[in-house]
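> Quick one: sequence plus predicted model below, questions after.
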Amino acid sequence: MSTPTSDPAAARRAILTAAETRAAEEAIFAHGVPVADLMEQAGAAVAEAAWRFAAMPPTLILCGPGNNGGDGYVVARHLRERGVPVRVAATGEPATEAAREMRARWGGPVEALADAKPAPLLIDALFGTGLSRPLDGDVAGRLAELAAAAKLAIAVDLPSGIATDDGAILSPVPRFDLTVALGVLKPAHVLQPAASFCGRVAVADIDLGGEARAWRVERPRLAAPTPADNKYTRGLVAVIGGAMPGAAMLAATAAARAGAGYVVLTGEGAGTLPHAIVRRDDATALADPRTGAVVAGPGLGRDIAARRRLRAAMDSGHPIVIDADGLALLADAGLSRLRRLAMPAVLTPHEGEFKRLFGDLPGSKLDRAREAARRSEAVIVLKGADSVVAHPDGRAAVAATAPAWLASAGTGDVLAGITGAMLARGLDPFAAAQAGLWLHGAAAAQAGPGLIADDLPAHLASALAACA
Ligand SMILES: NC(=O)C1=CN([C@@H]2O[C@H](COP(=O)(O)OP(=O)(O)OC[C@H]3O[C@@H](n4cnc5c(N)ncnc54)[C@H](O)[C@@H]3O)[C@@H](O)[C@H]2O)[C@@H](O)CC1
Ligand SMILES: [K+]
């Protein structure tokens, strides 16, 4: 039997759109596997997940007309076999052959959704990846009532009412305690606002194959230094300081705490820095061949001098992270210089900075970040509660679990510094951006409610330890 898992250290999780999932399924069917076999696997996996999660009180399963509903009938049969009191309510007759078959295999009574009485556990198998429009008002209303009256609610594949590919809420959706994603994650499991309605997300291990171009950001593997390392091999990060010294100091401190062996902060600036961080001028830092990464933008300023300094940093040939004021300067100067870099730069815009750089792009957050990466030939980290990393070649990753407390001043400077440390230790820009996001989120989770950016570097030690 397939075993669902939500282990964050599991192999990296593919994210497939509805069309990509369908194509993967079609390829399996083309090899002679019947739809019903896949549906049996899906239903068994959901039943197992529900069994483990909910200790199985009396259960009401809502079945829609398509294959999501078909999965629901399979879940019902499996739970009945385990002795769980199960009732099934449906929107109507099944509309697909496989769902009809599963309803027949269930063989028990099927109530009308309109008449269904609540149960302590609600399982939603109304709609999955086939949802193409908002739920009818009466269906959405019943789903809301029955979920509100249940102690626990579990969604099969996706909560009904959310759009698979962009995570939009098409019609009112209750908050679920668990969503069992079938085979692969879909964008809605990781993109907001949908992700926050899914509750815990478990992925049922159904081997769909399929060509993934997007993954969930997972805990990176970051080997601890060995006796053969020295401070330079661990990574030398140069942070370009500027008009607002505090921001660059945050980035520099974060780079050092994220494991860089040597951190240089350029420019003038008062304030207390760890003594381990060295002051240099830009020219010396950028000319040093040992420099492994440059972080430019936090506190840089936006005047002519700042523009010149950003250009020198980009021309230095070192891997580079550009954030904050650096992004504003780029928005004014255009993206052409980025395209001439030997290695893609890492750009870390929040939504406002992104819009200034790339305008209003269509599509999901994944689509927008990908298009921006393609245009700029840079690795884009589009930040938020659901940060997306996109590479110019179309690969993307989503960090789905940023603590909401991270939405505060200075946390972006910290992320830029951590990402600089990851580049300097030799990760490629796509991997460095993901590792940076993971460490940032883990440090924030440790720092807890009410965190401020200054707290985060101190929590990087345990975040790093988890990656060894
Ligand atoms: N990925 C996997 O491993 C598997 C996926 N299966 C299931 O198949 C599901 C997709 O099945 P379907 O493509 O049949 O789609 P759904 O069951 O999600 O939707 C059924 C049909 O309802 C109609 N519809 C769409 N929006 C509606 C609305 N708002 N109101 C009324 N009708 C609406 C559409 O014609 C759609 O095809 C997945 O979500 C998953 O649950 C499993 O059955 C097999 C294994
Ligand atoms: K569902």
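Happy to help now that I have it. Ligands and ions are numbered 1, 2, ... in the order given.
> in the stretch 251-400 of the chain, which spans are helices?
Secondary structure of the stretch 251-400 of the chain (DSSP state H, counting those that start in this stretch): helices at 282-287, 304-315, 325-333, 351-358, 365-376.
> Can you pull the residues of this protein lying near ligand 2?
Contact residues, the chain versus ligand 2 (CB under 5 Å from the ion): Asp124, Ala155, Val156, Ser160. The way it works is simple: take the backbone N, C-alpha and C, and place the C-beta from them, glycine included.
> so the last one sits right up against Asp136, yeah?
Going back to what we said before, that points to Ser160. No. With contacts counted by CB atoms under 8 Å, Ser160 stays clear of Asp136, the gap being 11.1 Å.
> which one of those two has more residues nearby?
Taking other CB atoms under 10 Å, Ser160 and Asp136 do not tie; Ser160 has more neighbours (25 against 11).
> The spatially closest residue to that one that is not a sequence neighbour: neighbour count?
Using CB to CB, 6 or more residues apart in numbering and skipping residues adjacent in sequence, the residue nearest Ser160 is Leu126, 3.9 Å away. By the criterion of other CB under 10 Å, Leu126 has 30 neighbours.
> Next: Arg13.
Residue neighbour count, defined by other CB under 10 Å, stands at 24 for Arg13.
> can you start the count at 532 instead of 1 from here on
That works, and once the first residue is 532, the last one we named lands at Arg544.
> what's near enough to touch it?
Val715, Leu716, Val734, Trp746, Arg747, Glu749 (CB atoms under 8 Å, 6 or more residues apart in numbering).
> change it to 10 Å
Applying CB atoms under 10 Å, 6 or more residues apart in numbering, we find Arg544 in contact with 536-537, 712, 715-716, 720-721, 732, 734, 743, 745-749, 928-929, 931.
> picking up where we left off before, was I right about the residue nearest to Ser691 contacting Pro690?
Yes. In this structure Leu657 lies within contact range of Pro690 using CB atoms under 10 Å: 9.2 Å.
> Could you tell me which residues touch both of those two?
Residues touching both Leu657 and Pro690 by CB under 10 Å, 6+ apart: Leu674.
> Please name the nearest non-neighbouring residue to Ala626.
Nearest to Ala626 is Pro596, by CB to CB, 6+ apart, at 4.1 Å.
> Assumed that neighbour was part of a helix.
No. Pro596: not assigned to a helix; according to DSSP: H, G, I helix; E, B strand; the rest coil it is coil.
> ok, back up a step: from the contacts of Arg544, list just the buried residues.
Among these, those classed as buried by neighbour count (16 or more other CB atoms under 10 Å) are 712, 715-716, 720-721, 732, 734, 743, 745-749, 928-929, 931.
> out of those residues, who's nearest Ala787?
Set against Ala787, the nearest of the buried ones among the contacts of Arg544 by CB to CB is Val748 (22.9 Å).
> right, and that closest one touches Ala963 too?
No. Checked against CB under 10 Å, the pair Val748 and Ala963 is beyond contact range at 11.9 Å.
> which residues do the two both contact?
With CB under 10 Å, 6+ apart as the test, Val748 and Ala963 both reach Val920.
> element containing the residue in the stretch 532-681 of the chain that ligand 2 sits nearest to?
Proximity of the stretch 532-681 of the chain to ligand 2 (CB to the ion) peaks at Asp655, 4.5 Å away. If you go by DSSP states H and E, Asp655 is part of strand 652-656.
> go on, Ala992?
According to DSSP H and E, Ala992 maps onto helix 991-996.
> buried set for that helix?
Across helix 991-996, burial judged by 16+ other CB under 10 Å covers Leu991, Ala994, Leu995.
> which of those lies closest to ligand 1?
Distance ranking of the buried residues of helix 991-996 against ligand 1, using CB to the nearest ligand atom, places Ala994 first at 33.3 Å.
> Help me confirm that that closest one comes into contact with Leu987.
Yes. Judged on CB under 10 Å, Ala994 makes contact with Leu987 at a distance of 9.3 Å.
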